[in-house]
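Novice: need a structure here:
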Amino acid sequence: MKHLLPGKTKIGHTGTLDPLASGLLVLLIGRATRLSRYITGLDKSYTATARLGAVSDTLDADGNVTPLPDSPLPDEPALRAATRLFTGEVLQTPPMASAVKVGGERLYKLHRRGEEIERQSRPVTVHSFELLSLDARTATFTVSCGSGTYVRTLIADLAESLHTGAYLTSLRRIRVGHLTLENAVAPEDLSPETLYNHIIQTRDVVSFLPAVEVSAGDRSGVCNGRKLGLFGLSGSYRVEFGGELLAVYRDGDGAARAEVVLCAGVS
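Specialist: Residues are numbered from 1 along each chain as shown. Down below sits the predicted model:
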């Protein structure tokens, strides 16, 4: 993408995909890179395909796979019932082949050295977990979950609850918050001439945040990151003037303070 943009243009992602995965990757350009914190933590949706009756040391097809010939293969009703047990707030142990840091070191680096250490389980939120299809040993699911959820761990834990094993063979991210794959474009279909037709306006990127309108007199103060009077809103909110997104502010300690300023400051 950098090659399609003018030199020195800032560009950043809001959460990479595993090598096995495909689908939606949200990129931010220019001053919009400052909004990364609001996109990274949004809920996400996936389509996941798993192979039943085997396990992988990375929980996906990129790892070393071990068949479990004597393990039972669950039928469709059993799988559907089990998915309901893994919906809501569930505890997950991060896989060794992950970027989680333990003791200051990434787990995947330990995994590459053949080391395995104890990891602390943590709560994640699974909004929905549904079986789409089952064909012999191949099952396809849709998952909607909070940020930080490992779908491959979800699949492995599901299989273990049914006294068998499973590993992820494909994963496709289809939604990040209000941004969807169907409105995305493949990188190979972009050129310097067509790129700008697909850029989402900054205001629309954080449209899920509540908005307040300021006066023309307050605009320059906002663009310089000055404090404003309290707006009485909880959490982060957009500060706009005439439909233009100026900044993201938050109430606190008797004043509204800028978290991110997007407009250029003036003296």
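Novice: C-alpha from now on. contacts and neighbour counts both.
Specialist: OK.
Novice: Phe86 reaches Thr125, doesn't it?
Specialist: No - applying Cα atoms under 8 Å, one finds Phe86 not in contact with Thr125, separated by 9.3 Å.
Novice: list the neighbouring strands of the longest strand seen in the chain plus their orientation.
Specialist: Under DSSP state E, the strand in the chain containing the largest number of residues is strand 122-135. Under the criterion DSSP bridges, strand 122-135 sits next to strand 88-92 (antiparallel), strand 138-145 (antiparallel) in its sheet.
Novice: which parts of the shortest one are buried?
Specialist: To tie it back to what came earlier, the one meant is strand 88-92. Gln92 (16 or more other Cα atoms under 10 Å).
Novice: centre of the chain to it, how far?
Specialist: 17 Å (Cα atoms, centre = their mean, to the nearest Å).
Novice: same check on stretch 134-142?
Specialist: That offset, for stretch 134-142, works out to 24 Å (Cα atoms, centre = their mean).
Novice: what's the answer for stretch 68-83, then?
Specialist: Relative to its parent chain, stretch 68-83 has a centroid offset of 28 Å by Cα atoms, centre = their mean.
Novice: okay, how far is it across it, tip to tip?
Specialist: Separation of the first and last residues of stretch 68-83 by Cα to Cα, to the nearest Å is 21 Å.
Novice: please renumber the chain so that the first residue is 634 from this point on.
Specialist: Sure, I'll start counting at 634 from here, so that last one is stretch 701-716.
Novice: list the buried residues of that stretch.
Specialist: 706-707, 712-713, 715-716.
Novice: that stretch - what's its average pLDDT?
Specialist: The pLDDT scores in stretch 701-716 average 94.
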